[in-house]
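> Structure for this input, please:
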Amino acid sequence: MQPLELARQVLTIEAQGILALVERIGPEFGKAVDLILRCPTRVIIAGIGKSGIIGQKIAATLNSTGTSAFFLHPVEAMHGDLGIVDSRDVLLAISYSGETLELNRLVTSVRNRGLAVIAMTGKKESSLARAADVVLDVAVAREACPLGLAPTASTTATLAMGDALAVVLLDRKQFDHEDFRRNHPGGSLGERLKVRVAEVMLTGDRVPTTSPQAPLADALAVLNQANLGAVLVVDAAKKVIGILTDGDLRRLLAAARPITGLAASDVMTKNPKTARPDQLAADALSIMQRHEITVLPVVDAADHLVGIIHLHDLLGKGEFRLLV
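As a prediction, this is how the structure comes out:
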């Protein structure tokens, strides 16, 4: 068979394997969804070999779409890692043959701990299927491998079933775009800038502040400790009246002014630019670009301090070059 013809055949066989799953989406799938929705902890996913690799991808998809999950290697589990298992977890066990010894030993162990088990297998009469509470049938007519040996169509079908499970759970949990972005803070720059300032700002003790009456030396100590390049000057009502930055300090030194006796209010930049927590991160970045600054105090509608945001919180470490 010619290479292109063989490649097309592989894709056709794998596509047929996925399409065959459509007719099997029924009560068992619904039971699996309900088991996971009722689970107050996590979904444990386990498998050996290619099934294990597919399981790791399914776990990653579940985590990024609002369902807490982790991959547990069956062999490692039997040598101590079972300690991570909670009796309220749900196990999703993946084995096309359903006769993988190490996986079935894990199933026996977690059943003894009271866990519910969902099996994803191509053999509905296998040992794994008999031990499970719910069976998701991922059988394929044949593998795309011409030898019929390498898992190809079967692993593709298993992965697709995992995607179907994750998407239905996403929908049932009403997981939305904002939830997705919160789970992907290291995503592309465009996605990071779609979040609200409140999601990426620093709050609480991580916000460096000082009073206007504080000695300049004390304010500089706060600035150095925070390592943000700025300290916010706030009044008794927690309103931002100024900002003291590394640049202010450089200008003070360049002017050869003595710092003895100076207070924070003597050196600060008054009425600094601010952002609101409900603004888009992109808007905060625009303010920074327009005024050539790297730090913004975040204030509420009454101008009370609620946080601080740095350029790195918006762009990610090492990406400042994008503004140059």
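> Only the buried residues of the helix or strand containing residue 46, if you could.
Using DSSP states H and E, residue 46 sits within strand 43-47. Buried residues in strand 43-47, defined by neighbour count with 16 or more other Cβ atoms under 10 Å: 43-47. Using the backbone N, CA and C atoms, a C-beta is placed for each residue, glycine as well.
> just stretch 45-65 next, same as before
45-48, 50-65.
> For it, give me every contacting residue.
43, 68-75, 77, 91-96, 100, 102-103, 106, 151, 155, 158-159, 162-163, 165-167, 169-170, 175, 180, 183-184 (Cβ atoms under 8 Å, 6 or more residues apart in numbering).
> please redo it, this time with the cut-off set to 7 Å
43, 69-74, 91-96, 100, 102-103, 106, 151, 155, 158-159, 162-163, 166, 170, 175, 183-184 (Cβ atoms under 7 Å, 6 or more residues apart in numbering).
> Just the C-alphas of that stretch, formatted as CSV.
Below are the C-alpha coordinates for stretch 45-65, written out as CSV (Å, rounded to 0.1, in the frame of the first residue of the first chain):
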residue,chain,number,x,y,z
ILE,A,45,-7.3,8.2,36.9
ALA,A,46,-5.2,5.1,36.5
GLY,A,47,-3.8,3.0,33.6
ILE,A,48,-0.7,1.2,32.4
GLY,A,49,1.3,1.8,29.2
LYS,A,50,-0.6,3.6,26.4
SER,A,51,-3.7,3.6,28.5
GLY,A,52,-1.8,5.4,31.2
ILE,A,53,-0.6,8.1,28.8
ILE,A,54,-4.2,8.6,27.7
GLY,A,55,-5.3,8.7,31.3
GLN,A,56,-2.8,11.5,32.0
LYS,A,57,-4.2,13.6,29.2
ILE,A,58,-7.8,13.0,30.4
ALA,A,59,-6.7,14.1,33.9
ALA,A,60,-5.2,17.2,32.5
THR,A,61,-8.3,18.0,30.6
LEU,A,62,-10.5,17.5,33.6
ASN,A,63,-8.4,19.7,35.8
SER,A,64,-8.4,22.6,33.3
THR,A,65,-12.2,22.4,32.8
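> Any idea how far it is from the middle of the chain?
Centroid separation for stretch 45-65 versus its chain: 15 Å, with Cα atoms, centre = their mean, to the nearest Å.
> same deal with stretch 77-93?
Relative to its parent chain, stretch 77-93 has a centroid offset of 22 Å by Cα atoms, centre = their mean.
> Ok, stretch 66-75 next?
Offset of stretch 66-75 from its chain centre (Cα atoms, centre = their mean): 15 Å.
> buried set for that stretch?
Buried-residue list, stretch 66-75, by 16+ other Cβ under 10 Å: 66-67, 69-74.
> Which of those residues fall in helices?
Under the assignment DSSP state H, those contribute residue 74 to helices.
> First residue to last residue on stretch 270-283, what's the distance there?
With Cα to Cα, to the nearest Å as the measure, stretch 270-283 spans 22 Å from end to end.
> Tell me the buried residues in it?
Result for stretch 270-283 [16+ other Cβ under 10 Å]: buried residues 272, 274-277, 279, 281.
> and if you look at stretch 108-121?
Using 16+ other Cβ under 10 Å as the test for burial, stretch 108-121 gives 109-110, 115-121.
> now, among those residues, which is nearest to residue 208?
residue 115 (47.0 Å; Cβ to Cβ).
> isn't residue 299 right next to residue 240, touching?
Yes - between residue 299 and residue 240 there is a contact under Cβ atoms under 7 Å: 6.1 Å.
> list residues touching both of those two?
Taking Cβ under 7 Å, 6+ apart as the contact rule, residue 299 and residue 240 both touch 274, 305.
> Give me the domain ranges for this protein.
Domain assignment for the chain by automatic domain parsing gives 3-175, 189-323.
> Going by mean pLDDT, which of the ones you listed comes out lowest?
Here the lowest mean pLDDT among the domains of the chain goes to domain 189-323, at a mean of 86.
> what's the burial count for residue 243?
25 (other Cβ atoms under 10 Å).
> Can you classify the residue lying closest to it once chain neighbours are set aside by secondary structure?
Distances taken as Cβ to Cβ, 6 or more residues apart in numbering place residue 272 nearest to residue 243, at 4.0 Å, with adjacent residues excluded. Assigned with DSSP: H, G, I helix; E, B strand; the rest coil, residue 272 falls in the coil class.
> what sits against residue 272?
Residue 272 makes contact with 240, 242-243, 297, according to Cβ under 7 Å, 6+ apart.
> all helices for the stretch 1-150 of the chain, in order.
3-22, 27-38, 50-64, 74-77, 101-112, 127-131 (DSSP state H, counting those that start in this stretch).
> Run the chain-centre distance for the fourth one.
If I follow you right, that is helix 74-77. 25 Å.
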